[in-house]
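Peer 1: Sharing a model prediction with you, sequence too.
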Amino acid sequence: MALISLRQLLDHAAEHSYGVPAFNINNLEQILSIMQAAERCDAPVILQASAGARKYAGEPFLRKMVEAAVEMYPHIPIVMHQDHGASPAVCQQSIRSGFSSVMMDGSLLEDAKTPASYDYNVAVTREVVKFAHAVGVSVEGELGCLGSLETGEAGEEDGVGAEGKLSHDQMLTDPEQARDFVAQTGVDALAIAIGTSHGAYKFTRPPTGDILAIDRIAAIHQAIPNTHLVMHGSSSVPQEWLAVIREFGGNIKETYGVPVEEIVRGIRNGVRKVNIDTDIRLAMTGAMRRTMAQTPGEFDPRKFFKDATLAARDICVARFEAFGCAGQASRIQPVAMEKMVAMYA
Ligand SMILES: O=C(COP(=O)(O)O)[C@@H](O)[C@H](O)[C@H](O)COP(=O)(O)O
């Protein structure tokens, strides 16, 4: 099965009322764990590469590894998505190199740190939609800045994330503005800000409605019912993996993520793409620490990587199942990118 577009997959998810986890990839083991889970669950897959991933592995390696996944798992529909493009030029490069979907994050300026004006966001996103749709590639935009409603901070990761304190208005997507944004840009999917943030340190306590605004999703969905909603920063930060990391020498302070049942509530209200990176990182780190500690004579890294891959695979299986994505891969007939061009035209 060829790569498919994000738009095709999320249209299918909307029609059948499920959500798709979008897992970040940086290396072979992460891709293997996601694909093994997809195979086990018969789930379609979104593999996404951030700027940090492109810096770490290099874009050609990422592309070739995704191509290998397509070859090894011909029955699984795969979207190759560029996470957080900081400019139209970045998105254009990704399209040229074969991504079937790009995110133009115009909520921040090109430095990926400074919150941008609404007009700037509309202008750069509209530009990307124009050239992406001309070749059938899907576009995700972002409205509102990701950040903690507890602290007003964005929790910067690898240079991406607003600097300084943000107001609640900046950190909560406004439904009416979302309606205007979609009308002006034509994006296929919209990342919304509801109090989630990237990384392990999202909440200092199990989140309640004042710091995780799940209710806002329904209002946004009502304003833009035909646009697929995206939740970034949606790792659940499993307490069991934090415990393993701590037991085997790691030092991660008390922290909480987005509960899976809250994400499922979001899916019931129009969320179709759910970004998850940190949970895979935590599971892999915990598994590697444990194996290294328990087998101190081991020096073949494949042993550590294998356990890390299995730990990540189990996280992916759990998310595919919880989001209703399991069993959907075999129900999808791939639509060629040329047909997507015709659809947009
Ligand atoms: O939302 C995301 C992940 O959420 P998470 O931390 O797993 O709750 C992704 O979109 C981030 O862009 C990604 O994790 C950033 O990765 P790096 O910049 O560190 O590579």
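Peer 2: Everything's here; your move.
Peer 1: For residue 308, give me its contacts.
Peer 2: 29, 33, 283, 284, 285, 287, 288 (C-beta atoms under 8 Å, 6 or more residues apart in numbering). All C-beta spots, glycine's among them, are computed from the backbone N, C-alpha and C.
Peer 1: any idea how far the host helix or strand of residue 287 is from the chain center?
Peer 2: For residue 287, the element it lies in under DSSP states H and E is helix 278-294. Centre-to-centre, helix 278-294 and its host chain are 21 Å apart (C-alpha atoms, centre = their mean, to the nearest Å).
Peer 1: Regarding this protein, what is its longest helix?
Peer 2: Looking across the chain with DSSP state H, the single longest helix is helix 301-322.
Peer 1: Packing partners of the helix or strand just after that helix?
Peer 2: Sequence-wise, the next helix or strand downstream of helix 301-322 (DSSP H and E) is helix 337-344. Other elements packing on helix 337-344 under the criterion 3 or more C-beta pairs under 8 Å, 6 or more residues apart in numbering; DSSP states H and E are helix 118-133.
Peer 1: which helices and strands does the helix it packs on pack with?
Peer 2: helix 88-96, strand 101-104, strand 138-143, helix 175-185, helix 337-344.
Peer 1: Format these as CSV; extra columns: distance to the ligand.
Peer 2: Formatted as CSV, the helices and strands packed on helix 118-133 follow (distance: least, C-beta to the nearest ligand atom, whole Å):
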stretch, distance to the ligand
helix 88-96, 13
strand 101-104, 8
strand 138-143, 10
helix 175-185, 19
helix 337-344, 23
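Peer 1: Which stretch among those approaches residue 17 most closely?
Peer 2: strand 138-143 (19.9 Å; C-beta to C-beta).
Peer 1: so residue 264 makes contact with residue 321?
Peer 2: No. Contact criterion C-beta atoms under 8 Å: residue 264 and residue 321 do not qualify, at 10.8 Å.
Peer 1: shared neighbours of these two, which are they?
Peer 2: With contacts defined as C-beta under 8 Å, 6+ apart, no residue is shared by residue 264 and residue 321.
Peer 1: just to revisit the earlier point, which of the helices and strands packed on helix 118-133 sits most buried?
Peer 2: Neighbour counts (mean count of other C-beta atoms under 10 Å) averaged over each of the helices and strands packed on helix 118-133 peak at strand 101-104, with a mean of 30.
Peer 1: Using PDB, write out every CA atom in it.
Peer 2: Extracted C-alpha coordinates of strand 101-104, given in PDB (Å, rounded to 0.1, in the frame of the first residue of the first chain):
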ATOM      1  CA  SER A 101       1.100  15.700   4.900                       C
ATOM      2  CA  VAL A 102       2.700  18.800   6.400                       C
ATOM      3  CA  MET A 103       2.000  21.000   9.400                       C
ATOM      4  CA  MET A 104       2.400  24.700   9.100                       C
END
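Peer 1: contacts for it?
Peer 2: Under the contact criterion C-beta under 8 Å, 6+ apart, strand 101-104 has outside partners 5-7, 46, 79-85, 88, 91, 94-95, 124-125, 128-129, 132, 137-142, 191.
Peer 1: go on, stretch 236-250?
Peer 2: Against stretch 236-250 from outside (C-beta under 8 Å, 6+ apart): 200, 202, 252, 255-260, 263, 278-279, 282-283, 285-287, 289-290, 292-293, 311, 315.
Peer 1: For residue 195, find the nearest of the helices and strands packed on helix 118-133.
Peer 2: The closest approach between residue 195 and any of these, judged by C-beta to C-beta, belongs to strand 138-143 at 14.5 Å.
Peer 1: and that closest one, what other elements does it pack with?
Peer 2: helix 6-15, strand 101-104, helix 118-133, helix 175-185, strand 189-192.
Peer 1: Now mean pLDDT too, for these, in CSV please.
Peer 2: Putting the helices and strands packed on strand 138-143 into CSV (pLDDT from 0 to 100) gives the following:
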stretch, mean pLDDT
helix 6-15, 98
strand 101-104, 98
helix 118-133, 98
helix 175-185, 98
strand 189-192, 98
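Peer 1: measure the residue positioned nearest the centre of the chain to residue 42 for me?
Peer 2: Nearest residue to the geometric centre of the chain (C-alpha atoms, centre = their mean): residue 275, 2.5 Å. Distance from residue 275 to residue 42, counting by C-beta to C-beta, to the nearest Å: 22 Å.
Peer 1: Let's see the distance spanning stretch 173-193 from one end to the other.
Peer 2: End-to-end distance for stretch 173-193, by C-alpha to C-alpha, to the nearest Å: 5 Å.
Peer 1: I should have written stretch 196-206 there, sorry.
Peer 2: Using C-alpha to C-alpha, first and last residues of stretch 196-206 are 13 Å apart.
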